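Undergrad: Quick one: sequence and predicted model below, then my questions.
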Amino acid sequence: MSKERQMEEPGLHTAILSELIARLRGPAGTGEALRDISEACETARAAGLGSDVEAMAALDRATADLDPILRESALAYVSGDLRRYLRILDMLDNVLDLAPLEGINQIYWSMQRQLFLMRMDMGSVPDFVAGRVLPFYERFLKQMSLRLGLAPAARPAGKPATGRVVMVTNQFLSDQHQPSRDLLTQMVRLQRDLGRTVLALNTNMMPDRYYSPFIPPFAAAVEESLSGDRTIRFGNDTGRLLSSTARGITAEKLNGFFSAVEEFDPDLVIAFGGSVIVADLLASARPLLCIPTTTGQTISLADIVLDYGGRTAPPGEGRLSRSWRPFRLGMALRQEDGAATRSEFGAADGSFLFVVVGNRLDAEVDAAFIALLERVLDAVPQGEVLFAGTVDTLPRRLAASRHAARLRYLGHVERIGALLPLCDLFLNPRRTGGGGSAAHALASGLPILAFDSGDVASIAGPGFVVGDSDSFLERAVALAVDPALLSRSREDARNRFATVKQEESDPTQLPVYMNEAVDLYRLRS
């Protein structure tokens, strides 16, 4: 750090701290107010306030009398310290039989969102997920069952197999949403390749609005048109999807799904994703297997939890480790979009074209990543960075950059399969998601540059990941200035995609795990 920067930092932190305290002590009763507080927390986090001991102590003192959920979540956002989340879990445990279920659900998913975005320091509480979150989640579901009188009917012992499978997801949006496409892919494979009859449940159990003053707040999208029992088409295949867009956590909604499962009478329930509430509530009544849709430690009550693409079991000897099995999730790529030219996307033919792709770029392209991109563009005068994905706040932050003219957002790109082959390098910020776009990039022969964690790293493999920002910069510049290296990297990308496809192509692997889940259910029932 320069001497000038050292002199500026205390004054900078003082100003940021004052603004943050003012926001936290101001109104917090609306979504807009919560978002304003979140923006102030993000500014403080990006400025390194969390590692300033004096500043954090002052923040502690100035907010001691505030709503404890607001206070602890905001300070956790700034510092990344999971001990703040432990305090929140302890508070929730004390009122678990009294607090509104929707409020608990909101806080749970808001925490999960911060973990997913890699905003928390996992080293601050190493066993946080396995030791604290998973047990809390199980207690929450038990409380939900008690308070709503939920009792899904168990499948009678000795009943012959039906060849039916129920797949359950917390959120299904459309075939443009990668996890939704992946669910459809697995559904089709079960029906076409394994001869199973499949019913998919779209349960919409994540919070759809703000019920709690948690910072930052989180509300999931709900596709209102997907309500009721319908047939959905995916390519040349069809499947049955039963959806409820009813708001909140109610006995009517949950019992409706339980009745549908009992009537369908599946041999197995598959939770597609982590913390799939309806599937985990069925764990006492049906065999349950979980297929994660992202990396990391998956929260599930299933007897078997498959991996997203890794070959290393979770640490320890607890439930997550015992249930883990190696697996590679097969992702469905969009159909080829046909040839395109750079001019269609406003890019110059002579530029070295970097691209960043995602549905959460407002959160994932943070100040640190923009600063890193600025360093890349400093070293690559012919470089240009495109951002593909629906955004809101990102354009304003890009406009403040000294390289604003070369940091261009495209918004949602319908023909992403046409854009990627025109680019030279796929850049990935620190995040958990992005596996679908990474697979598209590799299939297009587009080299990837990512940090060594998350879905993109899992898909891209060790040849395309780096450990820190300096290595990221060095690799980006090397590819930009060395055409031969770039050409080899394009070939490496295609070879890596072939490897990933081979890992997921074994048609015998999934049914073995499905049968094992049925056997394990018999043992515990």
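TA: Received it, and whenever you're ready, just let me know what you need.

Undergrad: which ones are touching residue 478?
TA: residue 485 (CB atoms under 8 Å, 6 or more residues apart in numbering). Just so you know, the C-beta spots here come from the backbone N, C-alpha and C atoms, and that holds for glycine as well.

Undergrad: Starting from residue 424, give me the distance back to it.
TA: 12 Å (CB to CB, to the nearest Å).

Undergrad: hey, where'd the helices end up in the stretch 351-500 of the chain?
TA: 361-364, 367-379, 394-399, 416-419, 435-443, 455-460, 469-481, 483-504 (DSSP state H, counting those that start in this stretch).

Undergrad: Bridge partners for residue 289, pull those for me.
TA: As for beta bridges, residue 289 partners with residue 270, residue 304 under DSSP bridges.

Undergrad: surely it meets residue 298?
TA: No: here residue 289 does not reach residue 298: they are 11.7 Å apart, not a contact under CB atoms under 8 Å.

Undergrad: so what sits against both of those two?
TA: Common neighbours of residue 289 and residue 298 (CB under 8 Å, 6+ apart) are residue 305.

Undergrad: who has more neighbours, the two?
TA: residue 289 (29 against 26; other CB atoms under 10 Å).

Undergrad: show me the residues around the more buried one that make contact.
TA: Here residue 289 is in contact with 268, 269, 270, 271, 302, 303, 304, 305, 306, 513, 514, 517 (criterion: CB under 8 Å, 6+ apart).

Undergrad: Same question for residue 71.
TA: 24, 63, 64 are the contacts of residue 71 under CB under 8 Å, 6+ apart.

Undergrad: List the residues that contact the first one.
TA: It refers to residue 24. 37, 40, 62, 63, 66, 70, 71, 74.

Undergrad: Quick check: closest non-adjacent residue to the fourth one.
TA: Yep, that's residue 63 we're talking about. residue 71 (4.8 Å; CB to CB, 6 or more residues apart in numbering).

Undergrad: Make sure I have this right: residue 198 is in a strand.
TA: Yes: Residue 198 forms part of a strand when assessed by DSSP: H, G, I helix; E, B strand; the rest coil.

Undergrad: so where's the stretch 1-150 of the chain uncertain?
TA: 1-10 (pLDDT under 70).

Undergrad: quick one: the strands in the stretch 201-350 of the chain?
TA: 228-234, 237-243, 268-272, 288-291, 304-306, 324-325 (DSSP state E, counting those that start in this stretch).

Undergrad: How about residues contacting stretch 516-525?
TA: So stretch 516-525 is contacted by 154, 157, 267, 268, 286, 287, 288, 289, 302, 303, 304 (CB under 8 Å, 6+ apart).

Undergrad: What is the neighbour count of the first one?
TA: Number of residues near residue 154 (other CB under 10 Å) recorded here: 13.

Undergrad: Excluding chain neighbours, what is closest to it?
TA: That would be residue 285: by CB to CB, 6+ apart, it lies 4.3 Å from residue 154.

Undergrad: coming back round to it: quickly find the element holding the residue nearest to residue 63.
TA: Per DSSP states H and E: residue 71 is located in helix 68-79.

Undergrad: residue contacts, residue 191?
TA: By CB under 8 Å, 6+ apart, the neighbours of residue 191 are 197, 198, 237, 239.

Undergrad: From residue 263, how far out is it?
TA: 19 Å.

Undergrad: Ok, residue 126 next?
TA: 44 Å.

Undergrad: more crowded one of the two?
TA: Legend: neighbour count by other CB under 10 Å for residue 126 and residue 263, higher for residue 126 (12 against 8).

Undergrad: Okay, and the more buried one sits in which element?
TA: Short version, using DSSP H and E: residue 126 is in no helix or strand.

Undergrad: Please shift the residue numbers so they start at 5 in all later answers.
TA: Done: numbering now begins at 5, and the last item shifts to residue 130.

Undergrad: so what's the backbone phi/psi at it?
TA: phi -60, psi -30 (degrees, to the nearest 10).

Undergrad: surely the residue nearest to residue 158 meets residue 154?
TA: No: Residue 289 is beyond contact range of residue 154, at 10.3 Å (criterion: CB under 8 Å).

Undergrad: joint contacts of the two?
TA: With CB under 8 Å, 6+ apart, residue 289 and residue 154 have common neighbours residue 262.

Undergrad: Residue 233: neighbour count?
TA: Should you count by other CB under 10 Å, residue 233 turns out to have 10 residues around it.

Undergrad: contacting residues for it?
TA: 244, 245, 246.

Undergrad: what's across from the first one in the sheet?
TA: With beta bridges defined as DSSP bridges, residue 244 has these partners: residue 203, residue 235.

Undergrad: who touches it in this structure?
TA: Residue 244 touches 202, 203, 204, 233, 234, 235, 236, counting by CB under 8 Å, 6+ apart.

Undergrad: which stretches of this structure have low pLDDT?
TA: For the chain, the ranges with pLDDT under 70 are 5-14, 335-336, 338-341, 509.

Undergrad: Surely residue 483 touches residue 451?
TA: Yes: judged on CB under 8 Å, residue 483 makes contact with residue 451 at a distance of 6.5 Å.

Undergrad: Compare these two (neighbour count), which wins?
TA: It is residue 451, of residue 483 and residue 451, that has more neighbours when counted by other CB under 10 Å, with 25 against 21.

Undergrad: distance of that one from residue 505?
TA: 18 Å.

Undergrad: before we move on, what about residue 47?
TA: For residue 47, the distance to residue 505 - CB to CB - is 42 Å.

Undergrad: Looking at the contacts of residue 75, which are in helices?
TA: Taking DSSP state H as the definition of helices, these contribute residue 28.

Undergrad: Return the member of the contacts of residue 75 nearest to residue 351.
TA: residue 28 (42.3 Å; CB to CB).

Undergrad: Could you check how far the closest one is from residue 81?
TA: 11 Å.

Undergrad: Wait, residue 47 touches residue 20, no?
TA: Yes: using CB under 8 Å, residue 47 is in contact with residue 20, at 5.9 Å.

Undergrad: Compare the two (neighbour count), which wins?
TA: Set residue 47 next to residue 20 and count neighbours by other CB under 10 Å: residue 20 wins out with 21 against 17.

Undergrad: Check which element follows the strand or helix carrying the more buried one along the chain.
TA: Per DSSP H and E, residue 20 falls inside helix 7-29. Proceeding N to C from helix 7-29, the next assigned helix or strand is helix 35-50, under DSSP H and E.

Undergrad: which other residues reach that following helix?
TA: For helix 35-50, the surrounding residues in contact (CB under 8 Å, 6+ apart) are 20-21, 23-24, 27-28, 30-32, 54, 74, 78, 81-84, 123, 214, 217, 219-221, 370-372, 397.

Undergrad: Going through those residues, which ones are buried?
TA: 20-21, 24, 27-28, 32, 54, 74, 78, 81-84, 123, 214, 217, 219-221, 370 (16 or more other CB atoms under 10 Å).

Undergrad: ok, back up a step: which one of the contacts of residue 75 is nearest to residue 172?
TA: The closest of the contacts of residue 75, once distances to residue 172 are taken by CB to CB, is residue 28, at 38.2 Å.

Undergrad: mind checking how far that closest one is from residue 75?
TA: 7 Å.

Undergrad: For stretch 512-519, buried residues please.
TA: Quick answer for stretch 512-519 (16+ other CB under 10 Å): 513, 514, 517, 518.
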